[in-house]
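K.L.:
here is a sequence together with a model predicted from it:
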Amino acid sequence: MSAALIILGVLALLVVVFGIWAVGVYNSLVALRNRFKNAFAQIDVQLKRRYDLIPNLVEIAKGYLKHERETLEAVIKARNIALAASQSAASNPADANAMRNLATAEGGLAGALSRLMVVSEQYPDLKANQNMLQLTEELTSTENKISFARQAYNDSVMTYNTARETFPAVVLAGALGFQPAELFQIEDPAERNAPKVSFN
């Protein structure tokens with residue numbers, strides 16, 4: 001009888017130790033997941049700022065670029081696609097497909113903005129417009145902030161993914177619903193550069 005009690009006591013102790021360990025792993029993964037979601041929220045703030053600046057930029061350029069309607073429409077279309085992708089990613093930054101769609105949309109927007117800036121270079125009056133200069137300066141500043149926020153997000157994702165893929169967390173991560181997070185990176189090397197928005 002005492003041997004059975006000892007075995008039961010050892011089993012109960014093992015269950016308690018396992019429970020404490022599982023709770024610790026779970027809490028750690030939750031904290032890391034919340035950290036990368038917060039980091040994405042910082043990107044989202046800057047993306048929204050950029051999306052708000054773009055229509056103003058296009059509106060000013062519209063007066064000067066009468067023969068470049070397709071370029072202006074392409075910028076607005078790319079902005080709207082990126083805005084929709086951003087909203088989808090913001091609702092769940094842990095969704096790998098949403099993050100890939102956002103990266104693709106952002107690459108398209110960067111390309112459209114670059115084409116607008118190249119076309120704008122051909123119009124000296126537009127280059128000299130104070131509102132255009134101010135908007136391009138704000139856009140450049142926002143692009144830099146997006147880059148810093150993206151770096152912080154990717155660092156948080158890397159920490160989270162490493163934690164969920166290492167032992168002992170790897171034993172429970174999948175079962176507890178902790179899926180890998182997607183880095184926010186632009187795949188096309190030509191799209192890695194921020195749009196050049198300087199009129200100097």
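P.N.:
The structure has been received and is ready for your questions.
K.L.:
model confidence over the strand or helix carrying N154, on average?
P.N.:
Using DSSP states H and E, N154 maps to helix 130-165. Helix 130-165 shows a mean pLDDT of 92.
K.L.:
next helix or strand past that helix?
P.N.:
helix 169-173.
K.L.:
give the other helices and strands that that following helix contacts.
P.N.:
helix 2-64, helix 130-165 (3 or more CB pairs under 8 Å, 6 or more residues apart in numbering; DSSP states H and E). The way it works is simple: take the backbone N, C-alpha and C, and place the C-beta from them, glycine included.
K.L.:
keeping just the C-alphas, turn that helix into CSV.
P.N.:
Extracted C-alpha coordinates of helix 169-173, given in CSV (Å, rounded to 0.1, in the frame of the first residue of the first chain):
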residue,chain,number,x,y,z
ALA,A,169,8.6,25.1,-26.4
VAL,A,170,8.6,23.2,-29.7
VAL,A,171,6.9,20.3,-27.9
LEU,A,172,3.8,22.5,-27.1
ALA,A,173,3.8,25.4,-29.5
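K.L.:
got the contact list for that helix?
P.N.:
22, 25-26, 28-29, 163-165 (CB atoms under 8 Å, 6 or more residues apart in numbering).
K.L.:
that older thread, angle of the helix holding N154 against helix 2-64?
P.N.:
Following axes from the mean of the first three to the mean of the last three CA atoms, to 10 degrees, one obtains 160 degrees for the angle between helix 130-165 and helix 2-64.
K.L.:
and helix 130-165, how far out from the chain middle?
P.N.:
8 Å (CA atoms, centre = their mean, to the nearest Å).
K.L.:
and for stretch 110-128?
P.N.:
Counting by CA atoms, centre = their mean, stretch 110-128 is centred 26 Å from the centre of its parent chain.
K.L.:
buried ones in that stretch?
P.N.:
110-117, 119-120, 123, 126-127 (16 or more other CB atoms under 10 Å).
K.L.:
before we move on, what about stretch 89-104?
P.N.:
89-90, 93-95, 98-104.
K.L.:
what's the distance between stretch 61-74 and the middle of its chain?
P.N.:
29 Å.
K.L.:
run a quick neighbour tally on N34.
P.N.:
12 (other CB atoms under 10 Å).
K.L.:
so where's the chain uncertain?
P.N.:
1, 187-200 (pLDDT under 70).
K.L.:
which one of the buried residues of stretch 89-104 is nearest R35?
P.N.:
Using CB to CB, P93 is the member of those that sits closest to R35, with 10.9 Å.
K.L.:
which strand or helix spans that closest one?
P.N.:
Applying DSSP H and E, one finds P93 in no helix or strand.
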